[in-house]
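**Q** What would the 3D arrangement of this be:
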Amino acid sequence: MDIPVGIIGVGTYFPACIETAADLVERTGIPEAVLREKMGIRQRHVAGPEDAVSEMASRAALRAIQQAGISPEQINVVISHGSEHKDHVVWNAAGKIQHNVGAVNAFAFEMYALCAGAPIAMFMAKSMLQADPALQYGLLAAGSRENDLINFQNQRSRFMFNFGAGAGAMVLARGVERNVILGASAFTDGSLSETVMLTTDMIGDGPECLGDLRGRLDVRQADYMAERLGQTSLPNFVRVIREAAEKSGATLADVKFLGLVHMKKSFYLEILEAVGLTPEQSVYLEDYGHVQSVDQALALQLGLEQGKIRPGDLVVLAGAGTGYTWSAVAVRWG
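**A** Modelled structure (predicted):
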């Protein structure tokens, strides 16, 4: 019999600075109505100089630890699954997060799957806690300020104009039979692996260097990417959501809440319809934008605050990240 692993704490952190759709009109050349209604950007949080990725992730982690009701010293492993645009390059942000929160008895490492990272990190941590009796508590933390990497004059990167900044964290516990993490699924289409990359071609009029990084995110093979994703993204989202439910001994019909990464409104609604859910069984992150692999913790938190997640519900958290990977994980809440 599998040892249950449950979520005992969730925390988020978002910078105080907010940009609205109106603030983006001049920079993007896109009408406010299109930004709000089609792209789903009502507002987003923007990081300041003090909001390093590790600092934001640490703040979210401390909130998750407080909600969990444990001391940082009880944590055995810290996994950072946040942005590669972090404080330094070739650097383990998890170690800094571990130090910041006081998890002095833990080991810390990073895993990276871009915006598909949270479901994969949750399943990885669950597996580790199940396999090793010495691991009682695990901390997952992610921070992102990838909006720094966008040149708003580059229309090829238009689908990334929704990027915002912030952090999310979860505390998992071995042997806990509430908010239990169940099945997970992931799938990668490697033919899209080099379609979105950091390059120096589209730096624009901003600073050439951002800390240790030089460049901006750009889309290569834009026509192929659009065609391929148009054919495969919806089926792949449905596939991983369905498989996560089935690996949990359930079906799509049993899913009561779906937490998705932020995306344009029409595609978000299309995914919900394809899996038999309504907007009342999800949350749309139009006041935050897309915050990389933070979106799932945020969706879970908002779903609980808005009364959309109830005890006994089968919750699925899903994401997709350039590379191109789709992922989902199921949780039995309560």
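**Q** How about the contacts made by Phe237?
**A** Neighbour list for Phe237: Ile271, Ala274, Ala318, Ala320, Trp326 [criterion: Cβ atoms under 8 Å, 6 or more residues apart in numbering]. (C-beta placed from N, C-alpha, C; glycine too.)
**Q** swap that for Lys96, please
**A** By Cβ under 8 Å, 6+ apart, the neighbours of Lys96 are Ser54, Ser58, Asp87.
**Q** hang on, the second one is in a strand, isn't it?
**A** Just to be clear, that refers to Ser58. No. Counting by DSSP: H, G, I helix; E, B strand; the rest coil, Ser58 is located in no strand; its state is helix.
**Q** Give me the pLDDT for the residue lying closest to Ser191 once chain neighbours are set aside.
**A** Spatial nearest neighbour of Ser191, excluding adjacent residues (Cβ to Cβ, 6 or more residues apart in numbering): Arg228 at 6.7 Å. You'll see Arg228 listed with a pLDDT of 95.
**Q** before we move on, what about Gly11?
**A** pLDDT recorded at Gly11 is 98.
**Q** ditto for the one 10 residues further on
**A** Per-residue confidence for Ala21 comes out at a pLDDT of 96.
**Q** For Ser266, see how far away it is.
**A** Ala21 sits 17 Å away from Ser266, going by Cβ to Cβ, to the nearest Å.
**Q** okay, those two: which has more neighbours?
**A** Ala21 (22 against 11; other Cβ atoms under 10 Å).
**Q** what's the helix or strand Gly303 falls within packed up against?
**A** Using DSSP states H and E, Gly303 falls within helix 295-305. Identification of packing neighbours for helix 295-305 by 3 or more Cβ pairs under 8 Å, 6 or more residues apart in numbering; DSSP states H and E yields strand 5-13, helix 117-131, strand 166-174, strand 255-260, strand 314-321.
**Q** Based on its surroundings, how many neighbours for Ala121?
**A** 28.
**Q** Then Asp189?
**A** Asp189, neighbours per other Cβ under 10 Å, totals 15.
**Q** So it sits against Thr232, correct?
**A** Yes. The criterion here is Cβ atoms under 8 Å, and Asp189 meets it with Thr232 at 6.3 Å.
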